[in-house]
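1. coordinates only, no sequence provided:
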C-alpha cells in the first residue's frame, strides 16, 4: 500500500519531513519572475511559468534529503488552468526525482463524482480506450464530512494504483475546534476522534506491511495534546502534520505524533522551507540552497525527537 | 449580495432549477466525440473539447428557461489541466449567456490557502499589478469542517465581488448520516443542524435584500424531513438541493425546502437533463432539444409545488 512507499522513503532518508510546495509570487526571486514575464507577459501563463521554474529548483535542491513534497493545489488554481498545468508539471517533476507526492486538495464528494476526483489525482482516466494519468500523485488529502460514500472511491482507486489518502481529522487552524472539538452524544467522543476512528475502520481495506494503512489522518502540530491522544488511539493511522514552523508548531509539540520506531507521522513545512532565502537575506540566486539548509535544520530538529527511524518487523 | 442575483433570475424565469453540468464521455453523442477526436486524437485534449462542445450546446438550449448552471469540477479535473481549461470555458460561456454559475467544487482550507481558492473561483488573481479572473463563477460550494477560518476568506471575497457560497450541511448520499446525523452533547443538536446554524451566523456578513444571505446550504432532496426542518430553522439560508431525479428525490420530497413566496431553494438536476436524449432514445443530433424538454418538464413539476415565485418586500 502506498504509505509503505512513503515509510520506506522516510527511513531511507532518516527524515520525516514533507516539503510543502505552496508557491506565492511574493516568495519567488525577481530574476525568475522577470524571466517568466519577459517570455509570457504579466499573465496567468507568466505567473505559472515562474511557479514551475521555482518549484523545479526547490525539488532539485531537496530530493536527495527530503522524502516527499506536498503541493497545495489552491495556489495553482488561483492562476487558472495555466496554474493547474504548472501543478501537473510540478507533480510529474517531483515524481521523476523519486519523491513521494501528496496532493493537498482536501477533495470531497460522493459516488461517481468522488471517483472522478480519485481518478484525477491518483488514478487514470479513460478516453475511449486510451488511458491517461491526469495528475498522478501518490496520495491525496480528503475531507470526510460526507462519510464512507466519499472515501470508498479513493480506497478503490488506491487498491488498484498503490496510492493512499490523508483524511482531515484535527486541523491546525485556530477555529478547527468549532466543529471538530465538539462531543457526540452517541459515544461521548469528540468529532475529531470519531473521524479518526473512521480512518482506522476505512484503513482496514488498505493495510500496509509496517502496521500503517493507506488511510492516513491530517492532525495539526498546533494541537500537541490531541496529536498525542490520537497517536495512542489510532495505532494504524499515519499522520500528516501541518502547522509546523510558520503556524507555530515546534519539534517538541509534535513529539507525541511518533511511535517507538520514529514512524507514524510526516511533518510539513511550506513557508519555512520555501522562503528560507528571504529569512536568511542571502543572495536571491542562492534561494534553493537556502531552502536546502532550512530542510537540513528541520531534519535535525525532528530526528532529535524521533531518534533513529527504523522499519518494524525486521 | 450574489444570491440576490440568483433569486431575481429564478423569479424572472419562474424556475427554481439549476442544471448540473457533470459531463461524462458516455453522455455525449458520438458525432460530437468523433469530431473532437478527429481534431485532437483520443487524448485528454480531445475529451475536453468534446465536453466543451456538448456543454455549450446544452447552455444554448437552456439559458432562456433555466436560471443557473452548476458545473461539477471533478468531471473536468479527471481530464487534467486540459479538462480544467474546458471547465473555465464552460463557466465563461454560461456567464456570457446570462446564467448564474455555481461552481460545485466543495473546496475547503484555511487562511491564505482558502483565500487562494476563493480568489480562484469567485475573485481575481493579481500578477504583479495585472488583474485576472481565473475561473470567475458567481457562487462556490464549500465544506465547513474546518470552521470559520475556512469560510471567512470566501465571505471577504464575496463582499468584494458580489458572489456567494453554499456550505455542505446535509448531503444527499446514503452515508451522509454517519457523521452529519450524530448529536452534539453541547447543545443536543445534530451536526447538520449545527452546521446550518453556523451558516445563519456566517450569513450575517452577507445579508441580501430578499431575506436570504450569501451563505447558502447544500441540503439533499433525498432527506425530505431534514429539508423541512432546516427550512424552518434557517430562515436566512438559501438551499442548493442535489439528489433530485437520478438519486431518487421527487418534487414532492422537496416541497418543504421552499418558503411562502416559492423561494428558498434551487434544485439541481444533472443526469436527468444531460442524458434526456438517451432516455428519450431520440435522434442524437437532437440531444440539446431533449435536454430542454426535460428541463421544461422539471420546471412544471417544481412550480406545481412552489406556485408562482415572487419577490418578497415589494
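-> Received, thanks. Keep in mind that this is a model prediction, so the values were computed, not measured.
2. and the one helix or strand in chain A whose mean pLDDT sits lowest, what does it pack onto?
-> Here the helix or strand of chain A ranked lowest by mean pLDDT, DSSP states H and E is helix A:177-180, holding a mean of 92. With contacts defined as 3 or more CB pairs under 8 Å, 6 or more residues apart in numbering or on different chains; DSSP states H and E, the packing partners of helix A:177-180 are helix A:191-203, helix B:191-203. For glycine as for every other residue, the C-beta is placed from the backbone atoms N, C-alpha and C.
3. just the closest residue of the stretch 201-314 of chain A to chain B, please.
-> residue A:247 (8.8 Å; CB to the nearest CB).
4. wait, is that residue part of a helix?
-> No - assigned with DSSP: H, G, I helix; E, B strand; the rest coil, residue A:247 falls outside any helix and is coil.
5. is it true that it touches residue A:172?
-> Yes - between residue A:247 and residue A:172 a contact is recorded at 5.6 Å, counting by CB atoms under 8 Å.
6. so which of those two has more stuff around it?
-> Comparing residue A:247 with residue A:172 by other CB atoms under 10 Å in any protein chain shown, the one with more neighbours is residue A:172, at 23 against 20.
7. dump the helices and strands packed on helix A:177-180 into JSON lines; add distance to residue B:37 as well.
-> Listed next are these as JSON lines, based on distance: least, CB to CB, whole Å:
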{"stretch": "helix A:191-203", "distance to residue B:37": "38"}
{"stretch": "helix B:191-203", "distance to residue B:37": "44"}
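8. ends of stretch A:65-83, what's the gap?
-> Taking CA to CA, to the nearest Å, stretch A:65-83 runs 27 Å from one end to the other.
9. and that stretch, how far out from the chain middle?
-> Put simply, stretch A:65-83 sits 10 Å off its chain's centre (CA atoms, centre = their mean, to the nearest Å).
10. check which helix or strand covers residue A:301.
-> helix A:287-306 (DSSP states H and E).
11. counting contacts, what elements does that helix pack onto?
-> Helix A:287-306 packs on strand A:17-21, helix A:44-62, strand A:265-269, helix A:271-274, helix A:276-280, going by 3+ CB pairs under 8 Å, 6+ apart.
12. now the ones you listed as a markdown table including mean pLDDT and distance to chain B?
-> Output for those, formatted as a markdown table (pLDDT from 0 to 100; distance: least, CB to the nearest CB, whole Å):
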| stretch | mean pLDDT | distance to chain B |
| --- | --- | --- |
| strand A:17-21 | 98 | 10 |
| helix A:44-62 | 98 | 5 |
| strand A:265-269 | 97 | 12 |
| helix A:271-274 | 95 | 10 |
| helix A:276-280 | 96 | 16 |
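13. how about a markdown table for the ones you listed, with mean neighbour count added?
-> Shown next, in a markdown table, are the helices and strands packed on helix A:287-306 (neighbours: other CB atoms under 10 Å in any protein chain shown):
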| stretch | mean neighbour count |
| --- | --- |
| strand A:17-21 | 27 |
| helix A:44-62 | 23 |
| strand A:265-269 | 27 |
| helix A:271-274 | 22 |
| helix A:276-280 | 18 |
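14. and residue B:88, which of the ones you listed is closest to it?
-> Closest to residue B:88 of those is helix A:44-62 (CB to CB; 10.2 Å).
15. quick check: angle from the closest one to strand A:17-21?
-> Helix A:44-62 runs at 160 degrees relative to strand A:17-21, counting by axes from the mean of the first three to the mean of the last three CA atoms, to 10 degrees.
16. report the angle between helix A:44-62 and helix A:287-306.
-> Using the same axes, to 10 degrees: helix A:44-62 against helix A:287-306 is 50 degrees.
17. after helix A:44-62 comes which helix or strand?
-> Assigned by DSSP H and E, the successor of helix A:44-62 is strand A:68-71.
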